[in-house]
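Chemist: curious how this folds, go ahead:
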Amino acid sequence: MLHIQGMNVDLAGHAVLRNVDITVEPGQTVAVIGRNGAGKTTLLRSIMGLVTLRSGQLLLDGDDLARRPAARRAAAGFGYAPEDRVILPTLTVRQNITLPCDVLRVPAREIQQRMDAVLGSVPQLKALLPRSGAALSGGQGKIVALARALMVGTRFVLLDEPFQGLAPALAIQYGESLRALRASHPHLCVVVTESNASLLEDVQSRTLYIERGHVELARPTAMAHADHALQAVREAILPEYATPETTK
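Modeler: Sure, this is the predicted structure:
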């Protein structure tokens, strides 16, 4: 179990995360929904150890990881797929995927076992393995980033806006991969951020909302107002978006 308690993070002298308290149980897929700039990326980077906390605890089975470097967290079973993918162009897709395991000195036999498990959840990846990282589309890069996170994320996988910029066909494939993960890895915890809650409706088991660095269980009023405004614009432009209530 992962328990975040009183997490505060400052960037460039400004508070970005404020008194964050989250508990993630084994097997949960937690969606963190928020607008751009709300603190979603900083939350994941803080969990992964890429950002220093001003205060707070990050307890994994009671052991505080808050001051441990990212490599130690990866060794503890945390995997991270950043929004911008970070695919190395001079390496093949296979090399990109196995790189974190190589850094952690995972035995070759175990690397192959993990690769087989990843291909079971992300079968479309197999055809990409021999390609150069430079030859990938943006959407394919997202799939590779997911696979790389899974190679070390044996307990927790952190996905930062994975659907951002994906073509519809790839978005469907990505969602199918996340559902396959839940079936094949019932104890794996997945934390996934998104701006658009509808993209995660069939994936998450729990939803949290983040607004100005505060994480809440209920949808913040400001976010709800923004959704209503967007819906009104859609209805004005495209009548098919109209809901029964607005057409009465």
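Chemist: which residue packs closest to residue 212, ignoring adjacent ones?
Modeler: Closest residue in space to residue 212, ignoring its immediate chain neighbours: residue 38 at 6.5 Å, by Cβ to Cβ, 6 or more residues apart in numbering. Yep, even glycine has a C-beta here, placed from its N, CA and C like the rest.
Chemist: which residues touch that neighbour?
Modeler: The neighbours of residue 38, taking Cβ atoms under 8 Å, 6 or more residues apart in numbering as the test, are 210, 211, 212, 213.
Chemist: separate out the buried members of the residues you listed.
Modeler: Using 16 or more other Cβ atoms under 10 Å as the burial test, the contacts of residue 38 include 210, 211, 213 as buried.
Chemist: out of the residues you listed, flag the one nearest to residue 167.
Modeler: Minimum distance to residue 167 across these is 26.7 Å, recorded for residue 210 (Cβ to Cβ).
Chemist: does that closest one really touch residue 39, like I thought?
Modeler: Yes. Counting by Cβ atoms under 8 Å, residue 39 is a contact partner of residue 210 at 5.3 Å.
Chemist: if we can go back for a sec, redo the buried ones among the contacts of residue 38 as JSON lines? Include secondary structure.
Modeler: Shown next, in JSON lines, are these (DSSP: H, G, I helix; E, B strand; the rest coil):
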{"residue": "210", "secondary structure": "strand"}
{"residue": "211", "secondary structure": "strand"}
{"residue": "213", "secondary structure": "coil"}
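Chemist: what's the closest of the residues you listed to residue 12?
Modeler: Using Cβ to Cβ, the buried ones among the contacts of residue 38 come closest to residue 12 at residue 213, 13.7 Å.
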